[in-house]
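> sharing a model prediction with you, sequence too.
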Amino acid sequence: ALEKLGRGAAVVVTGQQPSVGYGALYNIHKAQAAIRFAQGIEARGVPCVAVFWNHSDDVRGGADVAFPDRGEPKLLEVGLPGVEEGKLLYEAGNAETLRMYSSVLTGALPGTEFAGWLSELLGATHRGSIAESFSRLLLRTLGPYGLVVLEPRHLAGERSEALIRTHL
């Protein structure tokens, strides 16, 4: 996908602020939809790449995460210590916070054939900041299908500035 971008491929862009885990279900739907649109455009003869804009330079992020509790018919809310109000999301979060989230989520998962896979995936991708973990998670699951994940801080530098100046 990156090689295609380098050759000037068309781009289908979607995105969202990063969240812990996949976040709300629409995050994964948006990424999958971008991949399908890009595949449809490419099937018509135009090289195309799906890009997910991880809006990690935002300061809005949740102080907790909620998901269905396996044992009770209610939502389980997990507070995320270390998420400071007004901090950029690519700086927010820490290893302890992400391990705690992964542990609580793993414990709340229903005992299906996917629970072990998801538990391993969260453990492998949840390190660094919330934004880095979110990018890593999307790339691990949807990168093989052509998704490129881009964060604003990836655009720092002369090449990006020249590209943006040209397009402005």
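Looks like it arrived, so ask away.

> how distant is the lengthiest helix in the chain from the center of its chain?
As assigned by DSSP state H, the longest helix anywhere in the chain is helix 25-43. Remark: helix 25-43 is offset 14 Å from the chain centroid, using C-alpha atoms, centre = their mean, to the nearest Å.

> residues contacting it, please?
For helix 25-43, contacts defined as C-beta atoms under 8 Å, 6 or more residues apart in numbering pick out 10-16, 19, 22, 48-52, 138, 142, 145-147. (Glycine included, C-beta is placed from N, CA and C.)

> at 7 Å instead, please
For helix 25-43, contacts defined as C-beta atoms under 7 Å, 6 or more residues apart in numbering pick out 10, 12, 14, 16, 19, 22, 48-50, 52, 138, 142, 145-147.

> same question, stretch 150-168
51, 53-54, 56-57, 90, 131, 135.

> mind doing that once more with 8 Å?
By C-beta under 8 Å, 6+ apart, stretch 150-168 touches 51-57, 90, 131, 135.

> residues contacting the residue most central in space within the chain?
In the chain, the centroid-proximal residue (C-alpha atoms, centre = their mean) is Phe134; its distance is 3.5 Å. The contact partners of Phe134, taken as C-beta under 8 Å, 6+ apart, are 18-20, 23, 54, 56.

> quick one: which of those is most hemmed in?
Pro18 (27 neighbours; other C-beta atoms under 10 Å).

> now do the SS call for the residue nearest to that one when sequence neighbours are not counted.
Among residues not flanking Pro18 along the chain, Phe134 sits closest, at 3.6 Å (C-beta to C-beta, 6 or more residues apart in numbering). Under DSSP: H, G, I helix; E, B strand; the rest coil, Phe134 falls in the helix class.

> low pLDDT regions in the chain?
58-65, 67-72, 78-94, 159-160, 163 (pLDDT under 70).

> and the helices in the protein?
Under DSSP H, the chain gives helices at 2-6, 25-43, 95-108, 115-125, 130-142, 158-167.

> tell me which of those helices lies nearest to Ala66.
helix 95-108 (10.6 Å; C-beta to C-beta).

> other SSEs contacting the closest one?
Helices and strands touching helix 95-108, by 3 or more C-beta pairs under 8 Å, 6 or more residues apart in numbering; DSSP states H and E, are strand 64-68, strand 75-79, helix 115-125.

> need those in TSV (columns: mean neighbour count).
As requested, the helices and strands packed on helix 95-108 are exported to TSV (neighbours: other C-beta atoms under 10 Å):
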stretch	mean neighbour count
strand 64-68	14
strand 75-79	14
helix 115-125	15
